[in-house]
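In: all I have is the shape, not the residue letters:
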């Protein structure tokens, strides 16, 4: 069974600084997708970034980038120039090529200090 | 483009009752997935519907069921409610097979 592990229950970052959230996963599939979702206190889950396993290039979206290490089954999220609005619960998630089921990690609470 | 909508947003029920939650996907999205979010178990996949057919199912008891209509709107039903069913129920829709966009959720409290 596929599993996703986020080992950091909580992280803090100073405004304008950089923070990295960790995620590891376990799968026997060769084709799959990885995601980072953000859930602010309003509870609306928002897609932050997506990575296709067959792509070697790490995905980037403005201040958000990932470090995808397929052999190590690691998928970390780097947030640059952190803003107060980045404060939220961040979930790492996985899905296989042929289905839509998302497997989520336990989440990491990110606090941003001004 | 309107996002995923879920109704109702909040619901209070008592044990033994049943409940129906509704989800309207983003226009053009044919896949709808449901997730349960609780503090103890985190986010867990319930089921996914595509073109009115259940395509994937999570590990939940038969009290949890769903359906999808021809306009891709989906409903989720929980019968014989238990206290442990109290949760945030999230619906997500997708156009392709992989990127899901979530609704605001329905907060269910079972007393």
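Out: Yes, it's here. Keep in mind that what you see is a predicted model, and the values were worked out from it rather than measured.
In: centroid residue for the chain?
Out: Let's take chain A. residue A:36 (3.2 Å; Cα atoms, centre = their mean).
In: wrong chain, I was asking about chain B
Out: What sits nearest the mean C-alpha location of chain B, by Cα atoms, centre = their mean, is residue B:34, with 3.6 Å.
In: do you know how far the nearest residue to that residue once chain neighbours are set aside is from residue B:72?
Out: The shortest distance from residue B:34 to any non-neighbouring residue, by Cβ to Cβ, 6 or more residues apart in numbering or on different chains, is to residue B:46 (4.1 Å). Using the backbone N, CA and C atoms, a C-beta is placed for each residue, glycine as well. Distance, residue B:46 to residue B:72, using Cβ to Cβ, to the nearest Å: 17 Å.
In: what do you get for residue A:31?
Out: Distance of residue A:31 to residue B:72, given as Cβ to Cβ: 26 Å.
In: near chain A, which residues of chain B?
Out: Within chain B, the positions lying close to chain A (Cβ under 8 Å from any Cβ of the partner chain) are B:31, B:33, B:35, B:42-45, B:48, B:50, B:55-56, B:58, B:88, B:90, B:92, B:94, B:97-105.
In: ok, 10 Å please
Out: By Cβ under 10 Å from any Cβ of the partner chain, the part of chain B that sits against chain A consists of B:3-4, B:9, B:31-33, B:35, B:37, B:41-50, B:55-59, B:88, B:90, B:92-94, B:96-105, B:107.
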